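Enquirer: Provide a 3D model corresponding to the input given below.
(4 chains)
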Number of protein chains: 2
Amino acid sequence: MLRAMARVSTRDEILRVAAEQFAHFGYKGTSLQDIAAEVGCSKATLLYHFAGKDAILAELTAPAARELADLVARLAPLDDTAVQAAAIEGFVDLVLRHRREAKVIYGGIPQFLQEPAFADLLPLTDALCAAFAGRSTEPAACIAAEVVLSGIVTVVIDEEREPAELRAALVGVARRALLTRPDDKD
Amino acid sequence: MLRAMARVSTRDEILRVAAEQFAHFGYKGTSLQDIAAEVGCSKATLLYHFAGKDAILAELTAPAARELADLVARLAPLDDTAVQAAAIEGFVDLVLRHRREAKVIYGGIPQFLQEPAFADLLPLTDALCAAFAGRSTEPAACIAAEVVLSGIVTVVIDEEREPAELRAALVGVARRALLTRPDDKD
DNA sequence: CACTTTCCTGACCGATCGGCCAGTCTCTGA
DNA sequence: TCAGAGACTGGCCGATCGGTCAGGAAAGTG
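Expert: Residues are numbered from 1 along each chain as shown, chains lettered A, B, ... in the order given. Below you'll find the model as predicted:
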């Protein structure tokens, strides 16, 4: 589709298109032929630049996964009251920065867990979920955290509103949903 | 896996197993062989009972889709203030009744939309989303509704807590998240 | 000019996909 | 007893999957 205009490399184009397709149709639902057709190159070209389909996925999700690990690490030293607000804003920003990748990662977790490349992703989302819950172990708080976490990721992919508005709305709904003390004020 | 014990018919077993697999690995990620192996029958048996893989999916999701249509119809005559609470409780109950099917339907919407069997599903979820938002057209309210809607469906599939506790937690987080007036009290 | 490297491709491979069909069971009613 | 119906299966089909390979076009480099 896109002629190589000497600006964007074919490799980057493959990653961009693959992110779109994976987010839209799922990892299994996207074939190498589909990606190649959209990029405008041969299927063999994909496998020249990448070791395989899973390598595309791995390289695609690496930056977002790294930022997620950074966020979780940054959240760790905070106390139980401050961690929730920091987690919300940090995660919303992270997801807005990597809309497609987030959808791919979160939507495919049950299947990707078996692969060692994504084995370290589950404890990260667990830690983030705990931060959302304010480190509470109450079932209600945990469930609320899971709802917000998955809801944000699922919604953000096909929202075409401007990021600022989207960010404000997401942070708002997350704050409200995770409010365990009814007497807190903004 | 399950010998036909004259109690459950092979046909029902196929539907049950297919629901599990589709919810876990996705529609594309589940092959007829996978389902047949788990059921303990031949792949040809699946195609004896059903016209094709898509027919299994259609029959699988039909009851939940019908109940969703019923819920939306029941919500229609309510006024803007009552519709939100009714939508929350009605949808949580619906999803708890059809955990796997809900995940299959909601998770596969972008891909299923092209098929006519699921074409009438999008307006239903849109209507439900509007009900969640209290029929408000404000972006923040719409986004919050989407987050709650998708979050509930995504979470409920792999939660093994007892339904009563889960229901209370889900209704609670939904109420909080969709609260547009900050001075409302429970 | 020749030589190397980079980028890319068509042709091909084995495996698996969804689906089809002829035929084999078992059970039932006349 | 036997004909028919329902349930089920092995074997096969064409298409598509992810992946391999030998080689060509283009661009430096000496």
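Enquirer: how about low-confidence regions in chain A?
Expert: A:1-7, A:110, A:113-114, A:181-186 (pLDDT under 70).
Enquirer: pull up the residues of it that are close to chain B.
Expert: Residues of chain A lying close to chain B (Cβ under 8 Å from any Cβ of the partner chain) are A:24-26, A:28-29, A:107, A:110-111, A:139-140, A:143-144, A:146-152, A:154-155, A:158-159, A:161, A:165-166, A:168-170, A:172-174, A:176-177, A:179, A:182. Yep, even glycine has a C-beta here, placed from its N, CA and C like the rest.
Enquirer: tell me which of those fall in helices.
Expert: A:24-25, A:107, A:110-111, A:139-140, A:143-144, A:146-152, A:154-155, A:165-166, A:168-170, A:172-174, A:176-177 (DSSP state H).
Enquirer: for DNA strand C, give me its nearest residue in chain A.
Expert: Minimum separation of chain A from DNA strand C (Cβ to the nearest atom of the strand) falls at A:Ala44, amounting to 2.9 Å.
Enquirer: what's the neighbour count on A:Glu89?
Expert: 15 (other Cβ atoms under 10 Å in any protein chain shown).
Enquirer: let me fix that: A:Ala144
Expert: Residues near A:Ala144, counting by other Cβ under 10 Å, number 29.
Enquirer: spatially nearest residue to it (excluding sequence neighbours)?
Expert: B:Val173 (3.9 Å; Cβ to Cβ, 6 or more residues apart in numbering or on different chains).
Enquirer: wouldn't that neighbour be in contact with A:Ala141 here?
Expert: No. Under the criterion of Cβ atoms under 8 Å, B:Val173 is not in contact with A:Ala141, lying 9.2 Å apart.
Enquirer: mind checking the SS state of A:Glu67?
Expert: Secondary structure state of A:Glu67, per DSSP: H, G, I helix; E, B strand; the rest coil, is helix.
Enquirer: spatially nearest residue to it, not counting backbone neighbours?
Expert: Counting by Cβ to Cβ, 6+ apart, A:Glu67 lies nearest to A:Leu94, which is 5.5 Å off, once chain neighbours are set aside.
Enquirer: from what I can see the one you found touches A:Leu71, true?
Expert: Yes. Counting by Cβ under 8 Å, A:Leu94 touches A:Leu71, with 6.0 Å between them.
Enquirer: who has more neighbours out of B:Val173 and A:Ala141?
Expert: B:Val173 (29 against 21).
Enquirer: ok, now how distant is the more buried one from A:Val147?
Expert: B:Val173 sits 5 Å away from A:Val147 when distances are taken as Cβ to Cβ, to the nearest Å.
Enquirer: shared neighbours, those two?
Expert: Residues touching both B:Val173 and A:Val147 (Cβ atoms under 8 Å, 6 or more residues apart in numbering or on different chains) are A:Ala177, B:Val148.
Enquirer: tell me the centre residue of chain A?
Expert: Geometric centre of chain A, nearest residue: A:Ala102, 1.7 Å, by Cα atoms, centre = their mean.
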